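>>> Return a 3D structure for these sequence lines:
(2 chains)
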Amino acid sequence: MKARVHVMLKNGVLDPQGEAVRHALGAMGFDGVNGVRQGKVIELDLNDGATQADVEVMCEKLLANTVIESYTVEMG
Amino acid sequence: MHAAVIVFPGSNCDRDLAVAFKAVGAKVSMVWHKDTSLPDGVDFVGVPGGFSYGDYLRCGAIAANSPICREVAAHAERGGYVVGICNGFQVLTETGLLPGALLRNAGLKYICRTVPLRVATADSDYTSGYDAGAMIDIPIAHHDGNYFADGDTIAKLHGEDRVAFTYGDNPNGSQSDIAGILSSNRRVLGMMPHPERAADAGHGGTDGAALFRALAGSVVTA
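Model (predicted):
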């Protein structure tokens, strides 16, 4: 089974990469982009029977740094 | 006096750090990341700069979960000395031995130059060789040195006099200009600038040497 983990910088944590992308979009003529936040997606291929709770432990211990990042887990 | 320098795949300041420790009289053991114990009798541990595990996932994240880092954490929890420089600072925040995290530089650029630092406290076995408030010149070389912690943590670091160094001219967006911090027992130091690259006249500057001399002196007298 598969799980997909989305990791994003928390609100309030400066995302200079997202800001750079926003500036680039503006320079290219895309008006009306008020903000860009850049994160990452991690796909896991798991043994059958793995639970969302298992993946959340992985997030807490390695996949996300909860000092600066939040995460969401999608199973299946 | 015995120092251990941890070597991860991608470490590139490990030998520089070993030279700096040897220059103050330490015996140095290089310890591979897959080792499961530190050599007997180690007084202090150096976690060097570089790009451990290619900076994959987050800088320092995979190194922080390597077998030897459990031993480094145990050494720190016993009251042992641990200094993490640059990537080593990132590793120490990822292990939780030091609070906060290092984000991408606010200007997005990798910065490699010598910068002025202010010694924010002389009250540690790392900084006792400086006068509090002294300005020193130390090189930085990083892409992710932008120190971040929540407001309560920053206030606590200031309140407990645990900010070791601040930037004279903040190059990377770090909160409160923080360049280096101490643990609550003042035995663990993490800093982005590289004192080991300013520890010999041949480096073009020697302002980092006092850190290693002070550390060696504290172990001898301990």
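
>>> Could you pull up the residues touching the residue sitting furthest away from the middle of chain A?
Distance from the centre of chain A peaks at A:Gly29, with 26.6 Å (C-alpha atoms, centre = their mean). Shown in contact with A:Gly29 (C-beta atoms under 8 Å, 6 or more residues apart in numbering or on different chains): no residues. In this view, the C-beta of every residue, glycine as well, is placed from N, C-alpha and C.

>>> Kindly report the same for the one 4 residues further on.
By C-beta under 8 Å, 6+ apart, the residues touching A:Val33 are A:Arg22, A:Leu25, A:Gly26.

>>> just the buried members of those residues?
A:Arg22 (16 or more other C-beta atoms under 10 Å in any protein chain shown).

>>> how about TSV for the contacts of A:Val33, with pLDDT, secondary structure and distance to chain B added?
Listed next are the contacts of A:Val33 as TSV, based on pLDDT from 0 to 100; DSSP: H, G, I helix; E, B strand; the rest coil; distance: C-beta to the nearest C-beta, whole Å:
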residue	pLDDT	secondary structure	distance to chain B
A:Arg22	95	helix	12
A:Leu25	97	helix	16
A:Gly26	95	helix	16
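
>>> Among the contacts of A:Val33, which one sits closest to B:Ile154?
Ranked by distance to B:Ile154 (C-beta to C-beta), the contacts of A:Val33 are led by A:Arg22 at 26.7 Å.

>>> Any idea which residue of chain B lies closest to chain A?
B:Ala101 (4.5 Å; C-beta to the nearest C-beta).

>>> Is A:Asn65 located within a strand, as I assumed?
No: counting by DSSP: H, G, I helix; E, B strand; the rest coil, A:Asn65 is not part of a strand but coil.

>>> ok, it - how many residues close by?
A:Asn65: 23 surrounding residues under other C-beta atoms under 10 Å in any protein chain shown.

>>> Contacts only, for it.
Neighbouring residues of A:Asn65 by C-beta under 8 Å, 6+ apart: B:Arg58, B:Ala61, B:Glu94, B:Ala101.

>>> and the helix or strand harbouring A:Glu19, what does it pack onto?
According to DSSP states H and E, A:Glu19 maps onto helix A:16-27. The helices and strands touching helix A:16-27, judged by 3 or more C-beta pairs under 8 Å, 6 or more residues apart in numbering or on different chains; DSSP states H and E, number zero.
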